[in-house]
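Peer 1: Return atomic coordinates for the entry below.
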Amino acid sequence: MDQKISIKIAGRTFNLTASSPEVEEVYRQAADAINNRFASFTKSHPGRTVNDLLSLVALNETVVRLNMQRELEQRTKAEQQLQSDLDRYLKDLR
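Peer 2: Just a heads-up that it's a prediction; the model follows:
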C-alpha cells in the first residue's frame, strides 16, 4: 500500500510516495547518505552554493556507482570464466 512520506535533503523537504516499508527505508537511507555527503562537502568547500554542493554530491555518488558497476562486471566475467573452466575440467574427467 502506498504511503506518503516526507524526507529532507539539504534543508529542503520533499514529499514522496513509498510503495512499501522497504522502499520507504531505502528513501530515508538515501536521504541520510546525501545529507552526510552534503555536510562533508559543505565543510571542505566553504562558500559554495547549495546547487554547487549538490552537484558535487551527485558527481561523487555517480562515480561510486559507476565504479561499483565496473567491479560487478569484472567479477561477473571472472565468475563466468571460472564456471567455464570448471565445466571443461569436469568434462575432461568423464
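Peer 1: Going by C-alpha atoms from here, please, whenever you check contacts or count neighbours.
Peer 2: Fine.
Peer 1: contacting residues for Phe38?
Peer 2: Ala10, Leu53, Leu54, Val57 (C-alpha atoms under 8 Å, 6 or more residues apart in numbering).
Peer 1: so where do the helices sit in the chain?
Peer 2: All helices of the chain, identified by DSSP state H, fall at 21-44, 50-93.
Peer 1: Kindly reformat the ones you listed as JSON lines containing mean pLDDT and distance to Asn15.
Peer 2: Converted to JSON lines, these look like this (pLDDT from 0 to 100; distance: least, C-alpha to C-alpha, whole Å):
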{"stretch": "helix 21-44", "mean pLDDT": "97", "distance to Asn15": "11"}
{"stretch": "helix 50-93", "mean pLDDT": "97", "distance to Asn15": "19"}
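Peer 1: Mean neighbour count, these: which tops it?
Peer 2: Of the helices of the chain, the one with the most neighbours on average (mean count of other C-alpha atoms under 10 Å) is helix 21-44, at a mean of 15.
Peer 1: I'd like the distance from that helix to the chain centre, please.
Peer 2: Relative to its chain's centre, helix 21-44 lies at 10 Å (C-alpha atoms, centre = their mean, to the nearest Å).
Peer 1: To what extent is the nearest residue to Val50 once chain neighbours are set aside buried, counted in neighbours?
Peer 2: In space, and not counting its chain neighbours, Val50 is closest to Ala10: 7.6 Å by C-alpha to C-alpha, 6 or more residues apart in numbering. For Ala10, the count of nearby residues is 16 (other C-alpha atoms under 10 Å).
Peer 1: Verify the stated contact: Ala10 with Asn35.
Peer 2: Yes: assessed by C-alpha atoms under 8 Å, Ala10 is found in contact with Asn35 at 6.0 Å.
Peer 1: and the end-to-end length of stretch 39-55?
Peer 2: 13 Å (C-alpha to C-alpha, to the nearest Å).
Peer 1: what's the offset of that stretch from the middle of its chain?
Peer 2: 20 Å.
Peer 1: Ok, stretch 41-61 next?
Peer 2: 17 Å.
Peer 1: what's the first-to-last distance across that stretch?
Peer 2: From its first residue to its last, stretch 41-61 covers 12 Å (C-alpha to C-alpha).
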